[in-house]
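J.: Can you look at this prediction? I've put the sequence above it.
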Protein chains: 2
Amino acid sequence: MVGPDRPRSLSTKTLDLLAAFTERRPVLTLSELGRAADLSLTTTHRIVSDLVVWGALEREGSGSYHLGLRLWEVASLAPRGVPLREAALPVMEDLYESTHENIQLAVREGLDVVYVERLAGRDAVRVLTRVGGRFALHATGVGLVLLAHAPYDVQVEVLAGELRRWTEFTVTDPARLRIVLDEVRRSGVATSDRQVTTDAVSVAAPVRGADDTVVAALSVVMHVDSPLTPMAVRPAVRAAARSISRTLGSASARAGARPPDGSS
Amino acid sequence: MVGPDRPRSLSTKTLDLLAAFTERRPVLTLSELGRAADLSLTTTHRIVSDLVVWGALEREGSGSYHLGLRLWEVASLAPRGVPLREAALPVMEDLYESTHENIQLAVREGLDVVYVERLAGRDAVRVLTRVGGRFALHATGVGLVLLAHAPYDVQVEVLAGELRRWTEFTVTDPARLRIVLDEVRRSGVATSDRQVTTDAVSVAAPVRGADDTVVAALSVVMHVDSPLTPMAVRPAVRAAARSISRTLGSASARAGARPPDGSS
């Protein structure tokens, strides 16, 4: 944020205007858009007019703007969004039916977890996440799986950074977290026991792509008092993640072999 | 398509590059991108570089590009995409569990249906649609609901246009289609009986927003030989659509009154 004059290409300014919308502020006026994207009102007005004609923004009756369906349609082709989800959904349905708990699918983007799908019954335990939302890597089940299989430099950066504590059970000691990640790789599952909220436990397993690298993580998040125990859920989560991996063309999931990185 | 010189703003060129990706071609090289967006290689290269830095495109090992997760994250805030889906999902889950058939949620964009959510079991009947995909208004259950409640000029345009025939059961006579739409408004449900594929029947009902206009349609698509008959499914689909409407703040769904347009 160095004022309206900082040099950015018009393409980047266009994208920054789209990124001005947040979950808390899904509807913005022209001047709010300009402020959020750090652009003059003239530039904002010019770009927003183009965005509305194209369908990336839609104008409301009030004169404010929200993100348009056409942008969502185009973005739904992002391979780590909807296509991953389409491969995973039938398996997630089965897992939901056999557990009636929250079923989540997530990918890693930089140092964050991004949730690409969630199924949740009406009575499932409350979770802090939403589809399209981000969360830290070091606390949730899917986050621990994605961190355990992230490139070395990502792990170093996370372990050296601030490890936020959500509950008394959140692992925030880097040395202890390193042991947890070793165990995740060894066992093929991650368990986050009340590490995000004191009433939820999650069990997660890695999903592998065509080149056998971990491309996503699948989890069941259940109430801490659920009759289902983490131990009881582990085989189902592992089998489901493996089934998605097979759909994505993972050779190790197909052959029943161990993946090339030696993990389970 | 009037050649690389046709006047477009750089914002529009940026969006056109994003829209170059399709379901059949989710990965494109730089020159394919330029061709699809009708841009010179120099311009394409300049914009694509910005898009990659921002995260709207991701570069593959091969040097080709696919749509990026960050674009999907931003677009997931489009109110007619994920937020509608989040309101609908618990209800769709319940409907899926009680039917084990395809459950679809769709909105109207211009003269098309756009599917924003689908739940489908492994054994559910094959459908021609995908999430983020488009379809004609005049043949599917959700399309008939959305068309019946579309503004008058949209109905006139669809009825005057080409009404494609998918099967011998597709209604392609404008006069007959007008009667079907009357019946959809009167009864509060639409039934598409083998009008898209000869093995599928769908039953759809309108979802209303805070201002009580129809913002989406919900359907069950089942096999023509399913033990569930369309008649048997109607109450469940109507109740589910009404429940989503209530979540969205529809006054008529809350009060149990008839909506302002006099339909069911």
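T.: Yep, that arrived.

J.: Would you mark the buried spots in stretch A:26-43?
T.: Across stretch A:26-43, burial judged by 16 or more other CB atoms under 10 Å in any protein chain shown covers A:28, A:30, A:32-34, A:36-39. Just so you know, the C-beta spots here come from the backbone N, C-alpha and C atoms, and that holds for glycine as well.

J.: Was I right to think residue A:139 contacts residue A:166?
T.: Yes - when contacts are counted by CB atoms under 8 Å, residue A:139 is listed as touching residue A:166 (5.9 Å).

J.: Compare neighbour counts for the two and give me the winner.
T.: Legend: neighbour count by other CB atoms under 10 Å in any protein chain shown for residue A:139 and residue A:166, higher for residue A:139 (26 against 17).

J.: Residues that sit against both of residue A:139 and residue A:166, list them.
T.: Counting by CB atoms under 8 Å, 6 or more residues apart in numbering or on different chains, the residues touching both residue A:139 and residue A:166 are A:195-196.

J.: what helix or strand is the nearest residue in space to residue A:163 that is not next to it in sequence on?
T.: Leaving aside its sequence neighbours, residue A:163 sits nearest to residue A:172 (CB to CB, 6 or more residues apart in numbering or on different chains; 4.2 Å). Assigned by DSSP states H and E, residue A:172 belongs to neither a helix nor a strand.

J.: contacting residues for residue A:172?
T.: Contacts for residue A:172 were tallied using CB under 8 Å, 6+ apart; they are A:138, A:163-165.

J.: Could you rerun that using 10 Å?
T.: Contact partners of residue A:172, counting by CB atoms under 10 Å, 6 or more residues apart in numbering or on different chains, are A:138-139, A:162-166, A:195.

J.: One more: residue A:183?
T.: Going by CB under 10 Å, 6+ apart, residue A:183 touches A:144, A:148, A:189-191.

J.: likewise residue A:206?
T.: So residue A:206 contacts A:142, A:145-146, A:148-149, A:184-185, A:188-190, A:213-218, A:238, A:241-242, A:244-245, A:250, A:259, A:261, A:263-264 (CB under 10 Å, 6+ apart).

J.: switch to 7 Å and redo it
T.: A:145, A:149, A:214, A:217, A:241 (CB atoms under 7 Å, 6 or more residues apart in numbering or on different chains).

J.: Please report phi then psi for it.
T.: The phi and psi torsions at residue A:206 (degrees, to the nearest 10) take the values phi -80, psi 140.

J.: Name the nearest residue to it, sequence neighbours excluded.
T.: Leaving aside its sequence neighbours, residue A:206 sits nearest to residue A:214 (CB to CB, 6+ apart; 4.3 Å).

J.: Quick check: the gap between the closest residue to residue A:167 other than its chain neighbours and chain B.
T.: Closest residue to residue A:167 apart from its sequence neighbours, by CB to CB, 6+ apart: residue A:198 at 5.1 Å. From residue A:198 across to chain B, the span is 24 Å (CB to the nearest CB, to the nearest Å).

J.: One more: residue A:157?
T.: As for residue A:157, its distance to chain B is 18 Å (criterion: CB to the nearest CB).

J.: For that residue, which residues are in contact?
T.: Residue A:157 is in contact with residue A:111, counting by CB under 7 Å, 6+ apart.

J.: ok, now residue A:75?
T.: A:81, B:67, B:71-72, B:75.

J.: Can you flag which of the residues you listed belong to strands?
T.: Among the contacts of residue A:75, the ones falling in strands (DSSP state E) are residue B:67.

J.: Could you export the contacts of residue A:75 as TSV, including distance to residue A:96 and pLDDT?
T.: TSV is the format used below for these (distance: CB to CB, whole Å; pLDDT from 0 to 100):
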residue	distance to residue A:96	pLDDT
A:81	20	72
B:67	28	94
B:71	28	92
B:72	23	89
B:75	25	89
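
J.: Which single one of the contacts of residue A:75 is nearest to residue B:131?
T.: Distance to residue B:131 across those (CB to CB) is lowest for residue A:81, with 9.8 Å.

J.: what's the burial count for that closest one?
T.: If we define neighbours as other CB under 10 Å, then residue A:81 has 27 of them.

J.: And the residue nearest the centre of chain A?
T.: residue A:114 (1.6 Å; CA atoms, centre = their mean).

J.: hang on, isn't it packed against residue B:74?
T.: No - taking CB atoms under 7 Å as the definition, residue A:114 is not a contact partner of residue B:74, at 11.6 Å.

J.: list the contacts for residue A:218?
T.: Residue A:218 neighbours (CB under 7 Å, 6+ apart): A:88, A:105, A:204-205, A:207, A:237, A:240-241, A:244.

J.: Next, it: secondary structure please.
T.: On the three-state scheme (DSSP: H, G, I helix; E, B strand; the rest coil), residue A:218 is labelled strand.

J.: That one - nearest residue in space that isn't next to it in sequence?
T.: Per CB to CB, 6+ apart, closest to residue A:218 is residue A:241, 4.5 Å.

J.: Quick check: what element follows the host helix or strand of that neighbour along the chain?
T.: Under the criterion of DSSP H and E, residue A:241 resides in helix A:230-247. As assigned by DSSP H and E, the chain's next helix or strand after helix A:230-247 is helix A:251-255.

J.: Identify each buried residue in that following helix, please.
T.: Of all the residues in helix A:251-255, those buried under the rule 16+ other CB under 10 Å are A:252-253.

J.: start to end distance for stretch A:135-145?
T.: Using CA to CA, to the nearest Å, the end-to-end distance of stretch A:135-145 comes out at 13 Å.

J.: contacting residues around residue A:205?
T.: Applying CB under 7 Å, 6+ apart, we find residue A:205 in contact with A:145, A:188-189, A:217-218, A:237-238, A:241.

J.: so which of those residues comes closest to chain B?
T.: residue A:217 (14.5 Å; CB to the nearest CB).

J.: okay, now that closest one: neighbour count?
T.: By the criterion of other CB under 10 Å, residue A:217 has 29 neighbours.

J.: follow-up on the earlier one: please pick the buried ones from the contacts of residue A:172.
T.: By 16+ other CB under 10 Å, the contacts of residue A:172 give A:138-139, A:163, A:166, A:195 as buried.

J.: hang on, the earlier thing: of all pairs in the contacts of residue A:75, which one is the farthest apart?
T.: Greatest spacing in the contacts of residue A:75, by CB to CB: B:67 and B:75 (9.6 Å).

J.: returning to what we had before: let me have the contacts of residue A:183 in CSV, extended by pLDDT.
T.: CSV is the format used below for the contacts of residue A:183 (pLDDT from 0 to 100):
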residue, pLDDT
A:144, 97
A:148, 97
A:189, 96
A:190, 97
A:191, 95
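
J.: Would you check which pair of the residues you listed lies furthest apart?
T.: A:148 and A:191 (12.1 Å).

J.: The two - which one has more neighbours?
T.: residue A:148 (26 against 21).

J.: Which strand or helix spans whatever residue of the stretch 151-264 of chain A ends up closest to chain B?
T.: Using CB to the nearest CB, the closest approach of the stretch 151-264 of chain A to chain B is made by residue A:211 at 9.0 Å. Using DSSP H and E, residue A:211 sits within no helix or strand.

J.: How many neighbouring residues does it have?
T.: For residue A:211, the neighbour count with other CB under 10 Å is 12.

J.: Check residue A:212 too.
T.: Neighbours of residue A:212 (other CB under 10 Å): 18.

J.: Please name the nearest non-neighbouring residue to residue A:117.
T.: Distance criterion CB to CB, 6+ apart; nearest residue to residue A:117, sequence neighbours excluded, is residue A:105 at 4.1 Å.

J.: which stretches of chain A form strands?
T.: Taking DSSP E, the strands of chain A run over residues A:57-59, A:65-67, A:102-109, A:112-119, A:134-136, A:190-193, A:200-208, A:214-223.

J.: Run through the stretch 1-150 of chain A and note the low-pLDDT ranges.
T.: Within the stretch 1-150 of chain A, the ranges that satisfy pLDDT under 70 run A:1-6, A:121-130.
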